[in-house]
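[1] this one's sequence-less:
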């Protein structure tokens, strides 16, 4: 079994209101100098065959039209 | 005309869709775990939270047994309407272009919206007129229609943008005010607002009935 982490992010250029909300909230708490905040998802899984993970991402874990994924 | 209304675990607008379809034809419930469309002439995928909307809206529902049948049915020219969560499922299944993202407000919103009919020649809008305004409710958190610009241009050029939010009614931030789209052939239509909740003037508007009446007027294959 291999432990695999898949990071899923909104594609660049697509409006990300969650990221914007976090970006606005941080200065309100006194954290300055924060930009380009984006909120995505983390999927962790144990797999017997890590070679199958890209296909899992394309078919189910991510929607390639709106999300980028990174397999670690 | 016999309509089939798909019921997934988590679907909540199946009964209203069933009752709306029953006003213009016969209706049957189609169970998500069955490979059986019961010989219906048209399929409605209603709103709700199929499979809990886990992972992404519509992402899991598209792999259900009944959806395999709906995909074949749609690709063979069968009439399919996806409403709200059903629209999201059809996009995930690749039967319609684009995807639905969280409303720009990040809030659930429930309100009456005015929809402008852009294409009145699809199987689900042929009882309408181009430019006609339909008043129907919308209620969702994830209804911001998105597709890359080249795809939007293609949809426009092909007449696949079926319904738009009227000026001032695009509350979710949808690209080019799009409320509903069709496939190229016009037999598959999806929209975020809920025509099945607007079928009787007693509850504010009967405009939504026109979508069901449109399909009922299409000669059975």
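    Okay, I see it. All values derive from a computational prediction rather than experimental measurement.

[2] only C-alpha atoms for contact and neighbour calcs from this point on.
    OK.

[3] distance between the longest helix belonging to chain B and the chain's centre?
    If you go by DSSP state H, chain B has its longest helix at helix B:65-75. When distances are taken as CA atoms, centre = their mean, to the nearest Å, helix B:65-75 is centred 15 Å away from the chain's centroid.

[4] with stretch B:204-212 instead?
    How far stretch B:204-212 lies from its chain's middle: 13 Å, per CA atoms, centre = their mean.

[5] pull out the buried positions in that stretch.
    Neighbour-count burial for stretch B:204-212, counted by 16 or more other CA atoms under 10 Å in any protein chain shown, picks out B:205, B:206, B:207, B:208, B:209, B:210, B:211, B:212.

[6] ok, how many other residues are close to the residue in chain B positioned nearest to chain A?
    In chain B, the residue that lies nearest chain A is residue B:104 (5.8 Å; CA to the nearest CA). By other CA atoms under 10 Å in any protein chain shown, 18 other residues sit near residue B:104.

[7] show me what contacts it?
    A:17, B:144, B:172, B:173 (CA atoms under 8 Å, 6 or more residues apart in numbering or on different chains).

[8] what do you get for residue A:37?
    Contacts of residue A:37 by CA under 8 Å, 6+ apart are A:19, A:20, A:22, A:23.

[9] tell me the spacing between the residue of chain B closest to chain A and residue B:141.
    9 Å (CA to CA, to the nearest Å).

[10] identify the residues contacting the helix ranked longest in chain A?
    Once chain A is assigned using DSSP H, the helix that runs over the most residues is helix A:17-28. Counting by CA under 8 Å, 6+ apart, helix A:17-28 makes contact with A:32, A:34, A:35, A:36, A:37, A:38, A:39, B:104, B:105, B:106, all of which sit outside it.

[11] go through the residues you listed and say which is closest to residue B:15.
    Distance to residue B:15 across these (CA to CA) is lowest for residue B:106, with 27.6 Å.

[12] for chain B, what spans make up the helices?
    Using DSSP H, helices in chain B cover B:14-22, B:65-75, B:85-92, B:149-157, B:209-216.

[13] need the ones you listed in TSV (columns: distance to residue A:61).
    Converted to TSV, the helices of chain B look like this (distance: least, CA to CA, whole Å):
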stretch	distance to residue A:61
helix B:14-22	27
helix B:65-75	18
helix B:85-92	12
helix B:149-157	23
helix B:209-216	34
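
[14] now, of these, which is deepest in the fold?
    Burial of these is given as mean neighbour count (mean count of other CA atoms under 10 Å in any protein chain shown); helix B:85-92 ranks first at a mean of 28.

[15] just want the angle from it to helix B:65-75.
    Helix B:85-92 and helix B:65-75 are oriented at 70 degrees to each other (axes from the mean of the first three to the mean of the last three CA atoms, to 10 degrees).

[16] quick check: mean pLDDT across helix B:85-92?
    With pLDDT averaged residue by residue, helix B:85-92 scores 98.

[17] hmm, who's touching that helix?
    Looking at what lies outside helix B:85-92 - CA under 8 Å, 6+ apart - the contacts are A:63, B:44-50, B:57-59, B:61-62, B:81-82, B:96-100, B:189-192.

[18] then stretch B:199-215?
    B:20-21, B:24, B:42, B:79, B:123-128, B:134-136, B:194-198.

[19] start to end distance for stretch B:123-131?
    17 Å.

[20] what comes up buried for it?
    B:123, B:124, B:125, B:126, B:127, B:128.
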